[in-house]
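>>> This is a predicted model, with the sequence first.
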Amino acid sequence: MSDERILNIKDLDITFSTTAGTVHAIRGINIDLYKGETVAIVGESGSGKSVTMKAAMGILASNAKVEKGTIEFSYHHADGTPETVDILTKDKKWIRRHINGKRIAMVFQDPMTSLDPTMTIGKQIMEGMRWHFKTPKKEAWDRAVELLREVGIEEPEKRMKNYPHQLSGGMRQRVVIAIALSCNPDLLICDEPTTALDVTIQAKIIELIKKVQKERGISVIYITHDLGVVAKVADFINVMYAGKIVERGTTNEIFYDPRHPYTWGLLSSMPDLDTDDERLYTIPGSPPNLLHEKPGDAFAPRNRYALEIDDKLEPPMFQITKDHFAATWLLDPRAPKVEMPVELKNRIERMKKEAEEHGCKL
Ligand SMILES: Nc1ncnc2c1ncn2[C@@H]1O[C@H](COP(=O)(O)OP(=O)(O)OP(=O)(O)O)[C@@H](O)[C@H]1O
């Protein structure tokens with residue numbers, strides 16, 4: 001992988017002021033992303049995945065306050081000069097002109113909400129090129145047709161004149177990807193890009209993102225609650241819980257050697273061929289209310305392996321390998337030795353065996 005860092009989120013802390021009080025949504029996040037890399041942010045609903053990415057795109061809600069931290073984004077000007085900016089110091093107008101849609105593009109969960117139902121597909125793909133680069137109409141049209149072809153849409157010339165409702169869900173998501181790619185971004189942020197689609201289409205969209213990423217050498221961030229979605233595409237996984245990254249590592253480390261009980265829960269609740277949906281594990285309880293901060297580890301009340309100290313003190317990030325870290329007191333040398341649940345251990349053994357048989361990493 002390249003040594004050119006394009007995104008560096010450091011010590012990010014965000015609160016929201018609400019009528020009920022202050023919601024401490026993001027609590028000290030650190031994320032690095034290098035050119036060409038794919039990083040996933042995984043966690044349950046409310047863990048802070050979207051807020052983190054919205055901060056990176058300068059589109060936080062107006063009641064948000066960045067308490068601490070920097071989000072450095074590095075890119076090159078058209079003449080090749082390198083530039084690094086802290087997104088958090090720029091205003092919305094500047095970000096819209098220089099970053100959003102141009103250097104960082106986003107693919108959202110539901111294509112129906114990100115597409116304009118009253119505008120043809122063609123016009124929507126051309127819009128960014130026209131606005132950011134003043135591309136002449138004919139040239140933008142030709143590039144839009146090319147983009148539709150690149151994302152696997154047949155008869156692209158004809159489709160240019162279609163409206164979103166004339167396409168299937170999978171096709172619409174391909175169009176959204178074409179729009180995202182239209183200004184040649186350096187970074188693509190995919191927020192649950194396949195949740196609204198059925199399983200076979202999901203796999204195709206993920207394959208498509210992987211293909212364009214490889215061809216164009218761009219970096220991708222996936223935000224998802226489903227570890228399964230990113231197993232085959234992510235280089236690194238960040239597991240988030242209650243506004244913090246509680247485990248991070250290479251995809252192999254997270255899948256084959258998970259250390260945080262929350263990651264154990266996420267992996268156990270992933271459907272696979274040997275479990276039927278009705279018997280699928282779910283993590284007991286629900287995420288904490290971020291309005292009321294409690295001392296200790298936020299996951300403790302749901303953690304059957306919680307230690308006494310978990311109620312008092314937040315665990316630090318313990319380092320396991322060069323890339324692998326987890327914030328659980330179970331990794332403290334003084335902690336009793338606790339193994340992951342035996343069902344999960346068996347499952348990991350099965351995954352490893354299957355991967356070996358297919359000669360792939362997962
Ligand atoms: N504008 C806002 N005002 C108050 N609280 C907010 C606001 N936006 C987000 N939050 C809170 O911040 C926390 C993190 O939300 P976020 O949307 O990032 O979670 P998520 O992990 O992306 O969840 P999902 O998978 O449901 O999108 C949640 O507790 C949410 O309620």
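That came through, no problem.

>>> can you pull the contacts of residue 239?
By C-beta atoms under 8 Å, 6 or more residues apart in numbering, the contact set of residue 239 is 42, 43, 245, 246, 247, 248, 254, 260, 262, 263, 266. In short, each C-beta sits where N, CA and C put it, glycine included.

>>> can you pull the contacts of residue 304?
Shown in contact with residue 304 (C-beta under 8 Å, 6+ apart): 261, 284.

>>> where along this protein do the strands fall?
All strands of the chain, identified by DSSP state E, fall at 5-18, 21-34, 38-42, 64-76, 82-86, 104-107, 187-191, 219-224, 236-241, 244-250, 318-319, 325-326.

>>> so can I have JSON lines of the contacts of residue 239 showing pLDDT?
Output for these, formatted as JSON lines (pLDDT from 0 to 100):
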{"residue": "42", "pLDDT": "96"}
{"residue": "43", "pLDDT": "92"}
{"residue": "245", "pLDDT": "97"}
{"residue": "246", "pLDDT": "97"}
{"residue": "247", "pLDDT": "98"}
{"residue": "248", "pLDDT": "98"}
{"residue": "254", "pLDDT": "97"}
{"residue": "260", "pLDDT": "96"}
{"residue": "262", "pLDDT": "96"}
{"residue": "263", "pLDDT": "96"}
{"residue": "266", "pLDDT": "93"}
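
>>> Next to the ligand, which bits of this structure? Give me the list.
Within the chain, the positions near the ligand by C-beta under 6 Å from any ligand atom are 16, 18, 23, 25, 43, 45-51, 61, 63, 225, 290.

>>> I'd like to know which of the contacts of residue 239 is nearest to the ligand.
residue 43 (5.4 Å; C-beta to the nearest ligand atom).

>>> Contacts only, for the residue lying farthest from the centre of the chain.
For the chain, the C-alpha lying farthest from the average C-alpha position belongs to residue 138; by C-alpha atoms, centre = their mean, that distance is 34.9 Å. Residues near residue 138 by C-beta under 8 Å, 6+ apart: none.

>>> Also residue 98?
By C-beta under 8 Å, 6+ apart, the neighbours of residue 98 are residue 90.

>>> gap between it and residue 132?
9 Å (C-beta to C-beta, to the nearest Å).

>>> Identify the contacts common to the two.
Joint contacts of residue 98 and residue 132 (C-beta under 8 Å, 6+ apart) do not exist.

>>> got any ranges where the stretch 101-250 of the chain has weak pLDDT?
Low-confidence segments of the stretch 101-250 of the chain, defined by pLDDT under 70: 111.

>>> residue of it with the smallest distance to the ligand?
For the stretch 101-250 of the chain, C-beta to the nearest ligand atom, closest residue to the ligand: residue 225, 5.4 Å.

>>> what about that residue, neighbour count?
By other C-beta atoms under 10 Å, the residues close to residue 225 number 17.
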